[in-house]
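K.L.:
Pasting the sequence and the predicted coordinates here, then a few questions.
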Amino acid sequence: MKNNIKESAKFYREVERLVLVTAGIRILDLGCGTGLELDEIFRLNTTARIACVDLSQKMLEILRIKHEDRLDSLNLITGSYFEVDLPSEGFDISISVQSMHHFGYKQKLSLKKILHSLAGNGTYIEADYVVDTTR
């Protein structure tokens, strides 16, 4: 993404800015890929604990290598976030970065389980590009 989208560096910094700086914050990253957003999040949230869900074992392996010094803070899960079990109130924040645009409305409705995985005043951050269809 960083090579193909002109403003992607700013985009990932903006996602990082939306994540509160909190010691031991628990984050669910849906469709994490190689963890481009984690590169930014870890800059300020050095004690974050992150569950990373992605369909691609290859992408998760790249993430594992990039963040080998943080493996004790990462739970890498290969699978569809439509199907993986999520703990009730297990996360402070759930993020989806450039992932949801792949799915239709009905599939997205099934993700209400994300709300149940958020603790108390937990936050869901949806970060995706929107295409201007008027052109």
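P.N.:
Looks like it came in fine. Residues are numbered from 1 along each chain as shown.
K.L.:
make it CA atoms for all contacts and neighbour counts henceforth
P.N.:
Noted.
K.L.:
Buried residues of the strand ranked longest in the chain, list them for me.
P.N.:
For the chain, the longest strand by residue count, based on DSSP state E, is strand 118-127. By neighbour count with 16 or more other C-alpha atoms under 10 Å, strand 118-127 contains the buried residues 118-119, 122-124, 127.
K.L.:
SS state for P87?
P.N.:
Three-state call for P87 (DSSP: H, G, I helix; E, B strand; the rest coil): coil.
K.L.:
what about the helices in the protein?
P.N.:
With helices called from DSSP state H, the chain shows them at 8-18, 36-44, 57-66, 105-109, 113-117.
K.L.:
can you put these in a markdown table and add mean neighbour count, mean pLDDT and distance to L30?
P.N.:
Shown next, in a markdown table, are the helices of the chain (neighbours: other C-alpha atoms under 10 Å; pLDDT from 0 to 100; distance: least, C-alpha to C-alpha, whole Å):
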| stretch | mean neighbour count | mean pLDDT | distance to L30 |
| --- | --- | --- | --- |
| helix 8-18 | 15 | 71 | 13 |
| helix 36-44 | 17 | 86 | 11 |
| helix 57-66 | 16 | 96 | 12 |
| helix 105-109 | 10 | 70 | 12 |
| helix 113-117 | 18 | 86 | 10 |
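K.L.:
Which of these sits closest to L28?
P.N.:
For the helices of the chain, proximity to L28 was assessed by C-alpha to C-alpha; helix 113-117 is nearest, at 8.8 Å.
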